[in-house]
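Participant: The following comprises the amino acid sequence and a computationally predicted model.
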Amino acid sequence: MRRVLPLLILILGLGIAAASGARNGDRLVRYRQAAWSEDHAKSPKVKAKAQAYVDDKGLPGPRLRLVQWFDESGLPFGIGVVLILVGAGLARRQHAADAADASGGRGVDMIGCLDQLDLALAELAGDLADLEMDTPADALRDRIDTLQAVVIEPVVAGRGQLVARHGVATFASYFSPFSAGERQLARVWSALADGHAVVAREALADARASFDEARAAWTAAG
Amino acid sequence: MNSTPVRPYPELSVPAVVLGTGTGVLLTAAFVYINLKLGFGLAGSTVAAILGFAVLRGGLGRRSIVENNINQTIASGINTASAGVTFVLPALFIMAVTDPSLSSIPVGPLLFSAIAGSLMGIVLIIPLRKQMVEFERLKFPSGMAVATLLRAPGEGREQARLLLGGAGVGALLTVMVLQEWAPGDFDIGAALGLPAWLPFALYVSAANFGAGLLSGRGGLPFAAGGILAWWVIAPIAVRLHWIPKPPGLRGADVAGWQAGEIYGLMLRPLGIGLLIGGALAGVVAAFPAVRGALSSLATAARVARERGVSSDEIAPAWLAFGAVGSFVLLFLAASFASASLTIGQALLIAVAGSVWIGLAGIIVAQATGHTDISPLSGLSLIAVTLMFFLTGGNVTAAVLIGVAVCVAINQCADMMSDLKTGHLVGARPRDQQIAQLLLCWLGPLVAIGVLVLLWQLPGDGSPGFGSQSQACLDGAASCLAAPQGEALAATMDALRGGDAALDKYVAGSVMGLALSVFPIGGIAVLVGLAMYLPFSITLAYGVGCVTAMGLEKARGPAFIGKKLVPFAAGLIIGEALTSLADAVYKVGSQMGGV
């Protein structure tokens, strides 16, 4: 219930705010009805009456629409917005608490990920060292795919926890080189697919340097 | 150890630039024509990537995935101007037919404005690459599809089969819809006898479903927004009599009229407001990351200079230079757009235009990043409305700046989608950014040139497109109806009559800001987009999301990466290529009188 309550409050608030926000002022509603009757009514009397209304009142301008809408729907809209804020605020607090729990050991294991990458990429570098140009390297590419799916992806999926734990700026300081390493690893994959062992080696060295940079920034983040 | 000679590994190369430029120019010219003829734009990335395979890899024997990526980046960057120009500019030509005061169209300022928009869109969105592509991990389904296509030479046979299979299914479904063998909407609600204001229909589109598959759980708020709009707000509006019953209408006609009112006067403008509020909150939330990104760009450039190597990131000084340059161009365009505008007004237009370009660019990039759908028409309309009021009702100036905004926001979405593709194939962001920046002037030039040429084609001063052109009046096959231009011209006329839903924009913005406190990035943009679009699109996309979640639960995350992604990418590619082929066929057969 503790987890669902913020979402329920948010949905209720969103429903109230959206419904009252979408509501048109009475003047616009009457104008639209009259404009329709002016064009489509069969009875000349109804048509004339509608035409008189359209000519007399006219289409409410932007400012008038805003004022009328606020007069008629401002209160429920305000209640809805407050409920959205309460629900979203509670959800944010819940999210931060989850991140704090996760930092106790059950959450994103950044250092574990970087350790695994360190070992796997050192091994990959050894295998790449002797690779000739234009040698098929399907097995090496499969290893990169597996690293992406099994080692990198869980950290990417848990980045929300990291933001909640460290804040955006600190998160960016280590996640930016981490992502750069990921992109450079994709370059190793592409170069291997194109049979270019030299570029694959260079990109792998760049990737390792980026992951090292991420490790340093993570350590600094505490 | 390495006895085989080492060949270069090209990325930003002359062949890639030449091929990308040629493809981009051809696609731009063709898409301007198709847009005027059929009323919709097409994306060029897939076509460019396939041409890249044929020419760079097949013809020239160059084996470089990242070089083909530069080719498609350039081609789509140039081509993206066609949609921006043809969405807004034809309205000015069409209005000039009945309003002589608009007949003198300032071509010079128009070019300045479009090029300024193109440049500004790119330089304003580049600093957000890290935020959107790396931190938020937006999906950019078309970008993922192009990356899957580019990586095809290195993928296993099974992935290639899935990609081709998906493309086949996408093509087949598209052909069935285009030939009217299958409905455009699978309308379950109509079969169940539900009123039109309680819709329950699925949009029949392989690309839309594929985008949902690629988005998975992340796309759910989009579907939830649609459900809120159409299954909660719409029935409330009808039951509480917020929507009148027009006298003389009965039964299904009443429900149809009410559904139109709910969508056009309530949900769509409220959705635009939510998009604005969500983007504003997004700017605030992303500020620390953008500041960090700019600082890391500067550091990377400095370190690269010290080491004597090229950085992976573009230097912030280039971005600052581009931002200032595009602002000056926009100011000049506004200054020379109309003799009645003062320097102060021109400055105000340039400032407001730049701010709106930044904001709308973020909205479009986030919307396409989450769903592959761009709320271009709504944002361009806001731009034109804003400029209309800032210029005291000057239609020419409003459209001119509207062109800049429209081109800019398309560039934002395209650049970010290309950068997503680049991230997935291991490209250097700097090379992609430089390529798109250096050629950003070309797309507007070609698009405006082709448009002006088509307008003057009759040669006797009569209009070349729109409902008042002779070809359209005669019902000839060569008629270019310019439906988007006609629609915007009608909207401009309505604006001149004071029709602007300011209340909805304000309410939506407040909701968007409040909703952004929720700890899911981009939720307000997704809910806003869901209200802005017809429900059948949102629901079909949601079915894709739920299907992906079910498959992930049943078969595990590896299945998603290895099997579902290539298949879903194939769906998008299949529909894109079939739609293009159909458009070319239709235009060709109409011109040939078949």
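Facilitator: Structure received.
Participant: drop to CA atoms for contacts and neighbour counts, all remaining ones
Facilitator: OK.
Participant: and the stretch 101-250 of chain B, which residues reach chain A?
Facilitator: B:130, B:134-135, B:151, B:153-154, B:228-229, B:232-233, B:236-237, B:242-248 (Cα under 8 Å from any Cα of the partner chain).
Participant: one more time with 10 Å, if that's ok
Facilitator: B:130-131, B:133-137, B:150-156, B:225, B:228-229, B:232-237, B:242-249 (Cα under 10 Å from any Cα of the partner chain).
Participant: What about the closest residue to chain A within the stretch 101-250 of chain B, how many residues nearby?
Facilitator: Closest to chain A within the stretch 101-250 of chain B is B:Gly154: 4.5 Å, counting by Cα to the nearest Cα. Other residues within reach of B:Gly154, judged by other Cα atoms under 10 Å in any protein chain shown, total 22.
Participant: what pLDDT does B:Ala54 get?
Facilitator: Predicted confidence (pLDDT) for B:Ala54: 88.
Participant: Am I right that B:Ile94 is in contact with B:Met492?
Facilitator: No - if you go by Cα atoms under 10 Å, B:Ile94 and B:Met492 don't touch, sitting 11.1 Å apart.
Participant: pLDDT value on A:Met1, please?
Facilitator: Model confidence at A:Met1 (pLDDT) stands at 67.
Participant: hmm, back to that, show me the common contact partners of B:Ile94 and B:Met492, please.
Facilitator: Taking Cα atoms under 10 Å, 6 or more residues apart in numbering or on different chains as the contact rule, B:Ile94 and B:Met492 both touch B:Glu486.
Participant: May I see the ChimeraX selection of the buried members of the residues of the stretch 101-250 of chain B next to chain A?
Facilitator: Selection of buried members from those for ChimeraX, criterion 16 or more other Cα atoms under 10 Å in any protein chain shown:
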select /B:130,131,133,134,135,136,137,150,151,152,153,154,155,225,228,229,232,233,234,235,236,237,242,243,244,245,246
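Participant: burial count for B:Gly556?
Facilitator: Neighbours around B:Gly556, by other Cα under 10 Å: 12.
Participant: what's the answer for A:Gly112, then?
Facilitator: A:Gly112, neighbours per other Cα under 10 Å, totals 12.
Participant: repeat for B:Val107
Facilitator: A total of 15 residues lie near B:Val107 under the criterion other Cα under 10 Å.
Participant: got the contact list for it?
Facilitator: B:Ser113, B:Ala333, B:Ala337, B:Leu400, B:Ile448, B:Gly449, B:Val452.
Participant: Not including adjacent chain positions, what is the nearest residue to the closest residue to chain B within chain A?
Facilitator: Among the residues of chain A, A:Arg187 lies closest to chain B, at 3.7 Å counting by Cα to the nearest Cα. Excluding the flanking residues, the one nearest A:Arg187 by Cα to Cα, 6 or more residues apart in numbering or on different chains is B:Gly426, at 3.7 Å.
Participant: Does that neighbour touch A:Leu192 like I think?
Facilitator: No - B:Gly426 lies out of contact with A:Leu192 (Cα under 10 Å); the separation is 11.6 Å.
Participant: where's the residue of chain A closest to chain B relative to A:Ala205, distance?
Facilitator: Distance, A:Arg187 to A:Ala205, by Cα to Cα, to the nearest Å: 11 Å.
Participant: So for the two, which sits in the more crowded spot?
Facilitator: A:Arg187 (29 against 18).
Participant: Give me the residue at the spatial middle of the chain.
Facilitator: If you meant another chain, say so; for now it's chain A. A:Gly160 (9.7 Å; Cα atoms, centre = their mean).
Participant: that's the wrong chain, I meant chain B
Facilitator: Nearest to chain B centroid, counting by Cα atoms, centre = their mean: B:Ser374, 4.4 Å.
Participant: Quick one, grab the pLDDT at B:Ala190.
Facilitator: 91.
Participant: tally of neighbours for it?
Facilitator: Residues near B:Ala190, counting by other Cα under 10 Å: 14.
Participant: Check B:Val328 too.
Facilitator: So B:Val328, with other Cα under 10 Å, has 17 neighbours.
Participant: My read is that it contacts B:Leu119, right?
Facilitator: No - taking Cα under 10 Å as the definition, B:Val328 is not a contact partner of B:Leu119, at 11.3 Å.
Participant: Between the two, which contacts overlap?
Facilitator: The overlap between the contact sets of B:Val328 and B:Leu119 (Cα under 10 Å, 6+ apart) consists of B:Ser113, B:Gly322.
Participant: how far out from the middle of the chain is the helix or strand hosting B:Asp493?
Facilitator: Taking DSSP states H and E as the criterion, B:Asp493 maps to helix B:483-496. Relative to its chain's centre, helix B:483-496 lies at 20 Å (Cα atoms, centre = their mean, to the nearest Å).
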